[in-house]
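**Q** the following block contains a protein sequence and its predicted model.
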Amino acid sequence: MSAESADLRVLSVASEAVPLVKTGGLADVVGALPGALAGEGVAVTTLLPGYPSVLSALGRSRPVHVWPELFGAPARLMAGTLEGHPLYVLDSPSLFVREGLPYADRAGVDWPDNWRRFCALGRAAADVAGGAIEKRGKPQGFDLLHAHDWQGAMAAAYTRYAPLGGRTVPSVVTVHNIAFQGRFPAEVFAGVGLPQRAWHMQGVEYYGGFGMLKAGLFCADAITTVSPTYAREIRSHTFGMGLEGLIAERGSAVHGILNGIDTKVWNPANDPSLAAPYSARTLAKRGANKRALEAEFGLVEDEGPLFVVITRLTWQKGMDLLPAMADHIVALGGRLAVLGSGDAALEQALLAVSARHPGRVGVRIGYDEGLSHRMQGGGDAILIPSRFEPCGLTQLYGLAYGCVPVVSRTGGLADTVIDANPAALVAGVATGVQFDGVDAATLASAITRTVALYRSSEDWQRLQRNGMKADFSWKASGRAYAALYRTLIR
Ligand code: ADP
Ligand code: GLC
């Protein structure tokens, strides 16, 4: 079925989407959803805030709706396209055109009015879904609202408590990371434009304050998160981070749908970033990519494995343990290439490690999409010791590229990698290495096990080929979202 013959119109609201604005995997997913659903009879329109990068990509565009006043300033809705799919951009310069990052200033300090910025986004989404845009005098509403993370979540609250023209629209809220909740002091509630009855534990109040993700999770008709294991984990205190009670209460309304990857962008046989494209049948060609990567990171050539890390440098990702792990990798005859940015102290610690191990450990601080492809295409193993990981995309890219994932057994990492335990090796189904618990000793023994596997080249190539054969395209996930949407449309 083509998008033209779609029978369901969905408005997807988020604060990031590739290729326009990205701080993490959320952007990959929001950018891929319209394509994933087009084949399922679902036409997705994406709504994004008018950040400078988004407005400039829009080019010349026409407003399709105007709010004379939206949270203190006039706002316009501009229409454009996102990789061939319909896009709406909320153009409100005082809210979104700022120097810095989407959520913080240049120094990394959160914008104090983030509640206002993303309540505006949610209000706009509820209005548009409810039919704010008119064509020949007829409101063009949507069948369903799909909101992502705390920045999109208020859309579900507005459509529930204050729908445009009284027309509520079924809503889905997807949790990409429950650690980010959009919590603000109670005082802001007076300015968010909701009726007083919403200020309740059974509403938008959250431990005495205003909780934007909480509000969305309470109001949504269905909640999804990005892996089945994370959907279970967030019912517990450790992973739910305060929201576990609500998640447990929502019971069967909570679904785990694994993310897919964009196989047009992440395909080693057809990747313009690689010195030598390859497939599972031509694995030997990876050698040229490995040599190129060693040169790029100033690493010596050696027969030991080349570990790579591509990540935000944060506690979530277990990166505080990386300096000690680097010493262990070097002691075992391996090498390590790191690409990441984030916590300033971690950045400094990693640069110090590379100075300690010249030619053995290379570190690039920053964000570099092309380099991330070259690392997946030339590294032997990708290390992902996350303390929690709702889904994770870099292990999926690693699988597709024959860069064997070495992961902690949590969230989406648990659901996508098959550990090379003796049974899986005998059955010939293993795709990587998993370990339980993120601490120095466990991680060190996982690395030791990985190096041993690497030295047994037949087993290693089997791991690589199995991973490359696995299908983590959007097909299954697109089908699952479409099926869920249909249960909510009556
Ligand atoms: P998260 O969203 O929690 O950061 P994911 O694994 O879901 O984790 O997604 C991270 C995305 O960002 C992936 O596409 C990954 O390749 C990319 N990425 C992370 N850090 C960097 C970096 N320093 N340079 C390039 N890409 C990066
Ligand atoms: C979040 C999570 C990550 C997930 C991504 C996309 O950033 O941390 O695990 O893959 O969202 O859903």
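**A** Sure, I can see it. Ligands and ions are numbered 1, 2, ... in the order given.
**Q** look through the stretch 51-200 of the chain and state the residue closest to ligand 1.
**A** Nearest residue of the stretch 51-200 of the chain to ligand 1, counting by Cβ to the nearest ligand atom: residue 177, 6.2 Å away. To be clear about C-beta, it is placed using only N, CA and C from the backbone, and glycine gets the same treatment.
**Q** which intervals of the protein have sub-threshold pLDDT?
**A** For the chain, the stretches with pLDDT under 70 are 1-4.
**Q** for residue 363, which residues make a bridge with it?
**A** Here residue 363 sits in beta bridges with residue 338, going by DSSP bridges.
**Q** against residue 223, how distant is it?
**A** Using Cβ to Cβ, to the nearest Å, residue 363 is found at 38 Å from residue 223.
**Q** enumerate every residue touching residue 93.
**A** Shown in contact with residue 93 (Cβ atoms under 8 Å, 6 or more residues apart in numbering): 50, 73.
**Q** do the one 5 residues further on as well
**A** Contacts here follow Cβ under 8 Å, 6+ apart; on that basis residue 98 touches 105, 111.
**Q** run a quick neighbour tally on residue 34.
**A** Using other Cβ atoms under 10 Å, residue 34 has 25 neighbouring residues.
**Q** that one reaches residue 40, doesn't it?
**A** No - using Cβ atoms under 8 Å, residue 34 is not in contact with residue 40, being 11.0 Å away.
**Q** tell me which helix or strand residue 347 sits in.
**A** Using DSSP states H and E, residue 347 sits in helix 344-356.
**Q** how far does that helix sit from the chain's center?
**A** Between the centre of helix 344-356 and the centre of its chain there are 26 Å (Cα atoms, centre = their mean, to the nearest Å).
**Q** for stretch 25-34, same thing?
**A** Relative to its chain's centre, stretch 25-34 lies at 7 Å (Cα atoms, centre = their mean).
**Q** go on, stretch 325-333?
**A** A distance of 30 Å separates the centroid of the chain from that of stretch 325-333, by Cα atoms, centre = their mean.
**Q** again, but for stretch 391-399
**A** Computed by Cα atoms, centre = their mean, the chain-centroid distance of stretch 391-399 equals 11 Å.
**Q** cool, and stretch 23-41?
**A** Between the centre of stretch 23-41 and the centre of its chain there are 10 Å (Cα atoms, centre = their mean).
**Q** got it, and stretch 102-117?
**A** Relative to the chain's own centre, stretch 102-117 is displaced by 20 Å; criterion: Cα atoms, centre = their mean.
**Q** which one is residue 113 nearest to, not counting chain neighbours?
**A** In this structure, residue 113 finds its nearest non-sequential neighbour in residue 95, 7.8 Å apart by Cβ to Cβ, 6 or more residues apart in numbering.
**Q** from what I see, the one you found and residue 67 are in contact.
**A** No - using Cβ under 8 Å, residue 95 is not in contact with residue 67; the gap is 11.5 Å.
**Q** neighbour count winner among these two?
**A** Comparing residue 95 with residue 67 by neighbour count (other Cβ under 10 Å), the higher total belongs to residue 95, at 25 against 18.
**Q** and that one, what element?
**A** Using DSSP H and E, residue 95 sits within helix 93-96.
**Q** with just CA atoms, put that helix into CSV.
**A** Presented in CSV, the C-alpha positions along helix 93-96 are these (Å, rounded to 0.1, in the frame of the first residue of the first chain):
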residue,chain,number,x,y,z
PRO,A,93,11.1,32.8,16.9
SER,A,94,11.0,34.0,20.5
LEU,A,95,10.6,30.4,21.6
PHE,A,96,12.8,28.5,19.2
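**Q** would you mind naming what in the stretch 201-350 of the chain lies close to ligand 2?
**A** With Cβ under 6 Å from any ligand atom as the criterion, the stretch 201-350 of the chain meets ligand 2 at residues 226, 259.
**Q** for the stretch 301-450 of the chain, which segments are assigned as strands?
**A** Residue ranges of the strands in the stretch 301-450 of the chain, as given by DSSP state E, counting those that start in this stretch, are 306-313, 335-342, 361-365, 381-384, 404-408, 433-435.
**Q** need the CA coordinates for the helix holding residue 347. CSV is fine.
**A** C-alpha atoms of helix 344-356 as CSV (Å, rounded to 0.1, in the frame of the first residue of the first chain):
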residue,chain,number,x,y,z
ALA,A,344,33.5,17.6,30.3
ALA,A,345,35.3,15.6,33.0
LEU,A,346,34.8,12.4,31.0
GLU,A,347,36.1,14.1,27.9
GLN,A,348,39.3,15.1,29.8
ALA,A,349,39.7,11.7,31.3
LEU,A,350,39.5,10.0,27.9
LEU,A,351,42.0,12.5,26.3
ALA,A,352,44.4,11.6,29.2
VAL,A,353,44.0,7.9,28.5
SER,A,354,44.9,8.4,24.8
ALA,A,355,48.0,10.4,25.9
ARG,A,356,48.9,7.5,28.2
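**Q** for it, packing partners?
**A** Under the contact definition 3 or more Cβ pairs under 8 Å, 6 or more residues apart in numbering; DSSP states H and E, helix 344-356 sits against strand 306-313, helix 322-331, strand 335-342, strand 361-365.
**Q** how about that helix and ligand 1, touching?
**A** No - judged by Cβ under 6 Å from any ligand atom, helix 344-356 and ligand 1 are separated, with a smallest distance of 10.9 Å.
**Q** same check, this time on stretch 221-238
**A** No - figure legend: stretch 221-238 not in contact with ligand 1 (Cβ under 6 Å from any ligand atom); closest approach 8.1 Å.
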